[in-house]
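next input, structure requested:
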Amino acid sequence: MHVLPDVGPAEFVRDLASHGDRPAVITADARLSYAELADRVAELAGRLGTARRLVLLAGANRLDELVAYLAALTAGHPLLLVPGDNDAATAELIRAYDPDVVIRRVGGELLVDELHPTSRHDLHPELALLLSTSGSTGSPKLVRLSAGNLQANAQAIAEHLDIRDTDRAATTLPLHYCYGLSVVNSHLLRGAALVLTDRSVATPCFWDLFRAARATTLAGVPYTFDLLDRVGFDRMRLPHLRYVTQAGGRLDPERVARYAALARRRGWRFFVMYGQTEATARMAYLPPHLAQRRPETIGVPVPGGSFRLRPLPDWPQPDTGELVYSGPNVMLGYAERPADLALGRTVDELHTGDVARRGADGLYEIVGRAAGFAKIFGLRVDPQRVEAYLRRDGVDAYCVGTDRELVVAATGGPA
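Down below sits the predicted model:
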């Protein structure tokens, strides 16, 4: 099948102005409509010009950084999005990729440093966004994403979460992180508002803003839920809350069931999701009504996506295999050096590296990793499963496998 090149900005970027006077961004100090946001984006996009250049943006949950992100995409410039709070990582990526334009905050002001008037790189026409595979470490290995990847994943997320134009999403995760970025993209797609903040959920001022803005949703990684437990989230009165999402690592099934029960009592929904940067953001979600009954699973593929299980003959459990994902949100491929920016699609499906099984009810469960095993006395031992068994017995532990041994570091034990 011939696929047309995926060029031009994603529709949710191009159509910002179509949402008119609807609220787009709410901060502690200001409110912007979509029309006002579109004007700011257009102004910076005009400054960046139409000749495609590699733009590096040190991202942050601030209005100027959001405008810069959207402006680069609007003007068609491939954007390398890096953490705004890690100067060392930014410097490493600048050395590795020699961007033509660097946008970062200096002395409280966002500066646009145009290093090269024309690009020094051969940039593939489908290339829209570059994200690190390794958080904030500054690793030169990047995920290459197209505008179509961004649009497809935003649409899939908006569909299964039922995002409405009346929703208001608090930015509890960083802009440079694929999960946090997907919250931004999916809400802009539906003309919903962003409650833009870099405040922690552990602080009272976050919840003051959340209530004042009438926020309807928040997203969290497992550590976020540690913080929510500490601040007494289960006792908070949040009358406008519609749903909470969780991804970015496995949440203990007991906690999934507990939050699902809390959601049911309080009248909001709890979505557990599964994803990787290589899939733009998300590949699966657990329907809220199944979370209490099947909290150990990742659920079903997002709309437009599908899974298959690649057989692993050495895996000790039957009916398991490596989870392989297909869908329009699968990356173009990796980049490890500037020359790779000229590449088109080199990946058609995503081998996640996770071992899974599919239940009779169609729900998928991750049971381990395809790599990283210890082989002891001829038996393959999965360190993650050992951690899970120990946790079940009240022992917090971290396990690392090698070819000949299993190293277990216990951080606690049963009372």
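
I'd like to know how far residue 34 sits from residue 48.
From residue 34 across to residue 48, the span is 21 Å (CB to CB, to the nearest Å). Quick note: C-beta positions are derived from backbone N, CA and C, even for glycine.

repeat for residue 173
With distances defined as CB to CB, the gap from residue 173 to residue 48 amounts to 26 Å.

and if you look at residue 302?
For residue 302, the distance to residue 48 under the criterion CB to CB works out to 32 Å.

identify the bridge partners of the spatially closest residue to residue 335 that is not a sequence neighbour.
Distances taken as CB to CB, 6 or more residues apart in numbering put residue 142 closest to residue 335, at 4.5 Å, once the chain neighbours are dropped. Applying DSSP bridges to residue 142 gives these bridge partners: residue 132, residue 335.

about what we covered before: looking at residue 302 and residue 48 now, which is surrounded by more residues?
Each of residue 302 and residue 48 has its neighbours counted (other CB atoms under 10 Å); residue 302 has more, 27 against 22.

could I have stretch 102-118 exported to PDB, CA atoms only?
The C-alpha atoms that make up stretch 102-118 are tabulated as PDB, following Å, rounded to 0.1, in the frame of the first residue of the first chain:
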ATOM      1  CA  VAL A 102      18.100  27.300  20.200                       C
ATOM      2  CA  ILE A 103      15.200  28.500  22.300                       C
ATOM      3  CA  ARG A 104      15.800  28.500  26.000                       C
ATOM      4  CA  ARG A 105      15.200  30.500  29.100                       C
ATOM      5  CA  VAL A 106      18.100  32.800  30.200                       C
ATOM      6  CA  GLY A 107      17.700  35.000  33.200                       C
ATOM      7  CA  GLY A 108      13.900  34.500  33.300                       C
ATOM      8  CA  GLU A 109      13.400  35.400  29.700                       C
ATOM      9  CA  LEU A 110      12.900  33.000  26.800                       C
ATOM     10  CA  LEU A 111      15.500  33.800  24.100                       C
ATOM     11  CA  VAL A 112      15.500  32.700  20.500                       C
ATOM     12  CA  ASP A 113      19.100  32.200  19.400                       C
ATOM     13  CA  GLU A 114      19.300  31.800  15.600                       C
ATOM     14  CA  LEU A 115      22.700  30.100  15.100                       C
ATOM     15  CA  HIS A 116      22.300  29.400  11.400                       C
ATOM     16  CA  PRO A 117      20.200  31.300   8.800                       C
ATOM     17  CA  THR A 118      19.800  28.100   6.800                       C
END
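
now it: how far from the chain's centre is it?
25 Å (CA atoms, centre = their mean, to the nearest Å).

mind listing residues that contact it?
Defining contact as CB atoms under 8 Å, 6 or more residues apart in numbering, one finds that stretch 102-118 is touched by 44, 47-48, 51, 53, 55-58, 60, 62, 64-65, 68, 72, 84, 90, 94, 99-101.

can you pull out the helices in the stretch 51-200 of the chain?
Secondary structure of the stretch 51-200 of the chain (DSSP state H, counting those that start in this stretch): helices at 63-74, 87-97, 147-161, 178-189.

and these as TSV, adding mean pLDDT, mean neighbour count and distance to residue 283?
Putting these into TSV (pLDDT from 0 to 100; neighbours: other CB atoms under 10 Å; distance: least, CB to CB, whole Å) gives the following:
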stretch	mean pLDDT	mean neighbour count	distance to residue 283
helix 63-74	98	24	22
helix 87-97	93	17	26
helix 147-161	98	24	9
helix 178-189	97	24	11
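
domain parsing for this structure?
In terms of domains, the chain is parsed into 11-369, 382-410 (source: the TED database).

quickly, which of the ones you listed bottoms out on average pLDDT?
Ranked by mean pLDDT, those bottom out at domain 382-410, with a mean of 69.
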